[in-house]
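S.K.: here are the coordinates; sequence isn't available:
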Ligand code: AR6
């Protein structure tokens, strides 16, 4: 007799998050929710004006989004299902609650995906670009928070860390190596969700 095992999986790939057909991709946004550079700029460029309209409406309603929080929208022309916008902390030396705020970004994004009944969610390396968070420390927080949160969720079964640079990719590979469910094969950009 087959025994059904509910497996969760944490994966890392190197690439452009805008190409993923995940149920949701996460955007490293700013508090205005109105777009910017880095992955935020890439997501808005690829999604088109419908995403900006939705963000503008949300920002108008709730006055933006503070660091550590997250909101969910549609995905415009992107191949993913939803975009979860979270605002990472700006690195100011580590003494101003940056680690807790960064962990909160991952936790709240996962909770939003869970509430929306989503299965696969892809994260960029939040705060490690313009916001200057040291990459190794940010990677540890990301992997630890996702590893601790995932078993508490029912709907979310797979998390993909999408690294845009070699350094982050190497850091995540190392952290995920040898973990149960923490394999590192690629994720098809154009395969089924
Ligand atoms: N796919 C995946 N990752 C990417 C992509 C992409 N297409 N493009 C960049 N990255 P950043 P932050 C990586 O600066 O540090 C914006 O202006 C990038 O290499 O996008 O949280 C917002 O509006 C880095 O590892 O976000 C905010 O003002 C990671 O994404 C501010 O930047 C995050 O870098 C947020 O800064």
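M.R.: On my side now, so go ahead. What you are looking at is a predicted structure, and each value in this text was computed from that prediction instead of being measured.

S.K.: I'd guessed residue 9 sits against residue 156; true?
M.R.: No. Counting by CB atoms under 8 Å, residue 9 does not reach residue 156; the two are 10.4 Å apart. In short, each C-beta sits where N, CA and C put it, glycine included.

S.K.: quick one: secondary structure of residue 83?
M.R.: Here residue 83 is recorded as strand under DSSP: H, G, I helix; E, B strand; the rest coil.

S.K.: what is the burial count for it?
M.R.: By other CB atoms under 10 Å, 25 other residues sit near residue 83.

S.K.: spell out the secondary structure type for the closest residue to residue 99 other than its chain neighbours.
M.R.: Ranked by CB to CB, 6 or more residues apart in numbering and with sequence neighbours excluded, the top spatial neighbour of residue 99 is residue 141, at 5.9 Å. Here residue 141 is recorded as helix under three-state DSSP.

S.K.: the ligand contacts on the chain?
M.R.: 16-18, 28-30, 36-40, 42, 88, 124-131, 162, 164-165, 168 (CB under 6 Å from any ligand atom).

S.K.: excluding its backbone neighbours, what's nearest the residue most central in space within the chain?
M.R.: Central residue of the chain (CA atoms, centre = their mean): residue 123, 2.4 Å from the mean position. Once flanking residues are discounted, residue 123 sits nearest to residue 26: 4.7 Å by CB to CB, 6+ apart.

S.K.: now residue 74: how far from residue 22?
M.R.: Separation of residue 74 from residue 22 (CB to CB, to the nearest Å): 14 Å.

S.K.: the residue nearest to residue 99 is in contact with residue 106, isn't it?
M.R.: Yes. Residue 141 is in contact with residue 106 according to CB under 8 Å; the separation is 7.4 Å.

S.K.: when these two are compared, which one has more neighbours?
M.R.: residue 106 (25 against 22).

S.K.: what number of residues lie near residue 129?
M.R.: By the criterion of other CB under 10 Å, residue 129 has 19 neighbours.

S.K.: mind listing what the nearest residue to it once chain neighbours are set aside touches?
M.R.: Excluding the flanking residues, the one nearest residue 129 by CB to CB, 6+ apart is residue 38, at 4.5 Å. By CB atoms under 8 Å, 6 or more residues apart in numbering, residue 38 lies in contact with 28, 129, 130.
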